[in-house]
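K.L.:
Sequence and predicted structure below; questions after.
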Amino acid sequence: MDEQRLQTLLDRQDILDCLTRFSRGIDRLDREIFLSAFHEDAAIAAGPFVGAPPALCDWSFAMHEDMQILTQHNLLNHTCEIDGDTAHSETYYMFVARNKDETVWLAGGRYVDRLERRDNQWKIALRTNAIEWSVAPDAMPIPFDDLPGIDLNGKSERSRADISYIRPLTNKREPSIPGE
């Protein structure tokens, strides 16, 4: 494999890691991780919001805390064109939220980003959010939510108390095979 192709693969992975930090940061309400996806002078246009990363963080966290119990910002198809220290990417997303009134909100669209490598780090310099669809289906109970001990290994939290932050991750549940 030639060096240029290897560098392109590494750059693409760094860019995808950056986009994933944004999603994880917003879903866990983790300001540090959220802001690590953006250059300090980045500009974002997302729905009614147009502004800088700290203001987007404040606005979106407040909106999600006010309206939802949980959110998932899923990244899907991803294309990326890299030209030196600048990249343009299009990443399809599907947003899912469990609202405080127990309804569900699904929306989808594309993050269209210009990323720049500065100090050897890829981060978002400009983001436009193309929201393309939205639906509110009826909610259903969360499967197994009432099972005793289901959260012994940790539970879903919108903070650094979330199961994904536990190190080392260990199993504290007893063996159980349903139906036996």
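P.N.:
All right, it came through fine.

K.L.:
hey, C-alpha coordinates of stretch 84-93 in CSV?
P.N.:
Below are the C-alpha coordinates for stretch 84-93, written out as CSV (Å, rounded to 0.1, in the frame of the first residue of the first chain):
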residue,chain,number,x,y,z
GLY,A,84,-4.6,18.6,1.8
ASP,A,85,-5.6,20.0,5.2
THR,A,86,-9.3,20.6,4.1
ALA,A,87,-12.0,17.9,3.8
HIS,A,88,-15.6,18.1,2.8
SER,A,89,-17.9,15.3,4.1
GLU,A,90,-21.5,14.3,3.8
THR,A,91,-22.8,12.1,6.6
TYR,A,92,-26.3,10.7,6.7
TYR,A,93,-27.8,10.6,10.1
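
K.L.:
any idea of the mean pLDDT in it?
P.N.:
In this model, stretch 84-93 has an average pLDDT of 98.

K.L.:
Also stretch 34-48?
P.N.:
On average, the pLDDT along stretch 34-48 is 96.

K.L.:
May I have it as CSV, with CA atoms only?
P.N.:
What follows is stretch 34-48, C-alpha atoms only, in CSV (Å, rounded to 0.1, in the frame of the first residue of the first chain):
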residue,chain,number,x,y,z
PHE,A,34,-19.0,17.6,22.1
LEU,A,35,-16.8,20.7,21.7
SER,A,36,-13.7,18.5,20.8
ALA,A,37,-15.4,17.9,17.4
PHE,A,38,-15.2,21.6,16.4
HIS,A,39,-12.5,24.2,15.9
GLU,A,40,-13.1,27.1,18.3
ASP,A,41,-13.9,29.4,15.4
ALA,A,42,-16.3,27.0,13.6
ALA,A,43,-19.7,28.1,12.3
ILE,A,44,-22.8,25.8,12.5
ALA,A,45,-26.2,26.1,10.9
ALA,A,46,-28.5,23.5,12.4
GLY,A,47,-32.3,24.0,12.1
PRO,A,48,-33.1,27.4,13.7
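
K.L.:
The lengthiest helix in the chain - contacts with which helices or strands?
P.N.:
Using DSSP state H to define each element, the chain has its longest helix at helix 3-27. If you count contacts as 3 or more CB pairs under 8 Å, 6 or more residues apart in numbering; DSSP states H and E, helix 3-27 packs onto helix 31-35, helix 53-67, strand 68-83, strand 86-99, strand 104-118, strand 121-135. Yep, even glycine has a C-beta here, placed from its N, CA and C like the rest.
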